[in-house]
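>>> Structure, please.
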Amino acid sequence: MRNDLSIAVVCSSNQNRSMEAHHLLSKKGYRTKSYGTGSCVKLPGVTVDKPNVYDFNTPYEKIAEDLRNKDMNFYTQNGLLNMLDRNKRIKRQPEKFQKCNEEFDLIVTCQERVFDQVLEHLNEREQVSMNLVHVVNVEIKDNHEEATLGSFIIYDLVEKLSNTEDPASDIDTVIDYLEKKRNTRFLHSIAFY
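Coordinates of the predicted model:
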């Protein structure tokens, strides 16, 4: 098995979907990092029209503290405090993908809009090393249950790629197989660093 793939998982706010996959992949021994592409971190508020908004530099513990102070019962019941507790055990704070200079073998996005933002960023920056990166979108609804299910789909993708002789050459075959197995559609593109 090839656990040497360098993987990034990206969603909008680096809170739910990317962190759930980051958690699972890291637990399985894969070199994984996670990011968000949004302009800020947004979490549901007590009402739909008033989300909780934070800067990407805000530590998960500070976000949890703010939500506990606002309405501990509400944010415990909707699962946000549990999610933030998991997040702070993985890393200190959410990270913005557009500020990352690290190179990855595989970037997995959790939403088509995020897939587009990742590709736009990679294609707008100056290519230096010309190393290839595969970008794959696994569409995952942004709720706790779907994030868990989606993380297993992402793990399935990474596991299958890791067990091939040449992941870069075999990715289309792996995606075709998983699309049939999971009855879902993946988006796939490449970019260069």
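>>> switch to C-alpha atoms for all contacts and neighbour counts from now on
Noted.
>>> In stretch 154-173, which residues are buried?
Within stretch 154-173, the residues scored as buried using 16 or more other CA atoms under 10 Å are 154-162, 167, 171.
>>> Just send those residues back as CSV, with distance to residue 106, pLDDT and secondary structure too.
Formatted as CSV, the buried residues of stretch 154-173 follow (distance: CA to CA, whole Å; pLDDT from 0 to 100; DSSP: H, G, I helix; E, B strand; the rest coil):
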residue, distance to residue 106, pLDDT, secondary structure
154, 11, 98, helix
155, 12, 98, helix
156, 14, 97, helix
157, 10, 98, helix
158, 9, 97, helix
159, 12, 96, helix
160, 13, 96, helix
161, 10, 95, helix
162, 11, 94, helix
167, 10, 92, helix
171, 10, 97, helix
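>>> can you redo those residues as TSV with distance to residue 35?
Shown next, in TSV, are the buried residues of stretch 154-173 (distance: CA to CA, whole Å):
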residue	distance to residue 35
154	15
155	17
156	20
157	19
158	17
159	21
160	23
161	21
162	22
167	23
171	22
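>>> quick check, nearest of the residues you listed to residue 74?
Closest approach to residue 74 among the buried residues of stretch 154-173 (CA to CA): residue 154, at 30.2 Å.
>>> That closest one and residue 139, how far apart?
Residue 154 is 10 Å from residue 139, where distance means CA to CA, to the nearest Å.
>>> got it, and residue 63?
26 Å.
>>> again with residue 47
For residue 47 relative to residue 139 (CA to CA), the value is 25 Å.
>>> the more surrounded of these two?
For residue 47 versus residue 139, neighbours defined as other CA atoms under 10 Å are more numerous around residue 139 (22 against 8).
>>> now the strands for the chain?
6-11, 31-36, 41-43, 52-54, 106-109, 132-138, 186-192 (DSSP state E).
>>> Adding distance to residue 100, write those out as a markdown table.
Putting those into a markdown table (distance: least, CA to CA, whole Å) gives the following:
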| stretch | distance to residue 100 |
| --- | --- |
| strand 6-11 | 10 |
| strand 31-36 | 9 |
| strand 41-43 | 16 |
| strand 52-54 | 19 |
| strand 106-109 | 12 |
| strand 132-138 | 14 |
| strand 186-192 | 14 |
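>>> and stretch 61-81, how far out from the chain's middle?
22 Å (CA atoms, centre = their mean, to the nearest Å).
>>> my bad, stretch 7-15
Distance, stretch centre to chain centre, for stretch 7-15: 3 Å (CA atoms, centre = their mean).
>>> Mind listing residues that contact it?
Here stretch 7-15 makes contact (CA atoms under 8 Å, 6 or more residues apart in numbering) with 17-19, 21-22, 30-38, 40-42, 83-84, 87, 94-97, 104-111, 114.
>>> pLDDT below threshold where in this protein?
1-3 (pLDDT under 70).
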